[in-house]
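# From the sequence below, what's the structure:
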Amino acid sequence: MLHFDFSAIWDARLILATGAWITLKITLVAIASGVAFGTVLAMCMVSHLKVLQSFARSYITLFRAIPLVMLLLWFFLIVPQVLKAVFDLSPSIDIRLVSAMVAFAMLESAFFAEIIRAGILGLSAGQFNAARALGMSTLQAFRYIILPQAFKAMLPILLTQCIVIFQDTSLVYVIALGDFFSNAVRIGERDGTVVQMLLFAGLIYWVICASLSGLIKLLQLRAHRV
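Residues are numbered from 1 along each chain as shown. Got it, this is the predicted structure:
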């Protein structure tokens with residue numbers, strides 16, 4: 001029978017907290033950058049300019065076709081050299097963390113772009129016509145009319161993608177980055193409590209994801225009532 005020793009988890013709380021902070025930073029950067037650049041890509045996709053459409057379509061197709069683990073390894077091998085050469089980074093900066101953030105940001109931009117594009121195309125053409133009738137430019141129409149409605153309609157799906165990002169951060173173990181999951185595994189291997197630490201890590205992931213899923217359901221119910 002498995003003996004669950006909570007003292008081992010308590011003794012490792014600082015290491016776990018450090019890993020959790022890294023997980024949170026990667027998640028937040030991926031969401032913020034992904035939504036920002038994903039919005040630009042979505043606008044390019046619905047643009048009448050063929051050049052912008054081709055660029056956005058090529059970017060989205062490329063990054064959605066590459067497995068995240070492979071992307072992390074590529075960026076870990078390539079990005080550090082580029083960043084050091086361009087920005088003359090201090091040796092104290094964790095290149096692994098920067099590489100993971102860049103990889104996640106570029107990958108999630110492609111996924112968010114498709115979600116936001118669907119939200120834009122889900123609006124009636126009358127919204128665009130109304131913006132033109134008010135004398136708005138294309139950018140003004142997107143900023144004040146189109147995007148606010150699209151984000152409101154796609155909020156549950158956007159939050160679902162945020163949950164996926166949070167779960168996927170555990171894959172940074174392939175570049176030896178000490179996120180929450182990686183630190184939990186290392187502590188378990190060091191102390192001979194691998195099963196216990198994996199169960200604890202799984203519980204934390206489940207609590208967070210289940211809470212966010214509950215929030216999504218509440219938002220969906222609220223949207224249906226409106």
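
# residue boundaries of the helices in this structure?
6-11, 13-45, 50-65, 68-87, 95-121, 125-133, 138-141, 147-168, 180-191, 194-225 (DSSP state H).

# buried stuff in the first one?
By that I understand helix 6-11. Across helix 6-11, burial judged by 16 or more other CB atoms under 10 Å covers 8, 9. Any C-beta I mention is one placed from the backbone N, CA and C, and that applies to glycine too.

# Mind giving me the packing neighbours of that helix?
helix 194-225 (3 or more CB pairs under 8 Å, 6 or more residues apart in numbering; DSSP states H and E).

# any idea how far the helix it packs on is from the chain center?
Its chain's C-alpha centre and that of helix 194-225 lie 16 Å apart, by CA atoms, centre = their mean, to the nearest Å.

# Report the mean per-residue pLDDT for it.
For helix 194-225, mean pLDDT is 86.

# orientation of that helix relative to helix 13-45 in degrees?
40 degrees (axes from the mean of the first three to the mean of the last three CA atoms, to 10 degrees).

# between the helices of the chain, which one is nearest to residue 174?
Of all the helices of the chain, helix 68-87 sits nearest to residue 174, with 5.5 Å by CB to CB.

# tell me which residues in that closest one are buried?
Quick answer for helix 68-87 (16+ other CB under 10 Å): 68, 71, 72, 75, 76, 79, 80, 83.

# so what's the second one up against?
What it means is residue 71. 63, 103, 106, 107 (CB atoms under 8 Å, 6 or more residues apart in numbering).
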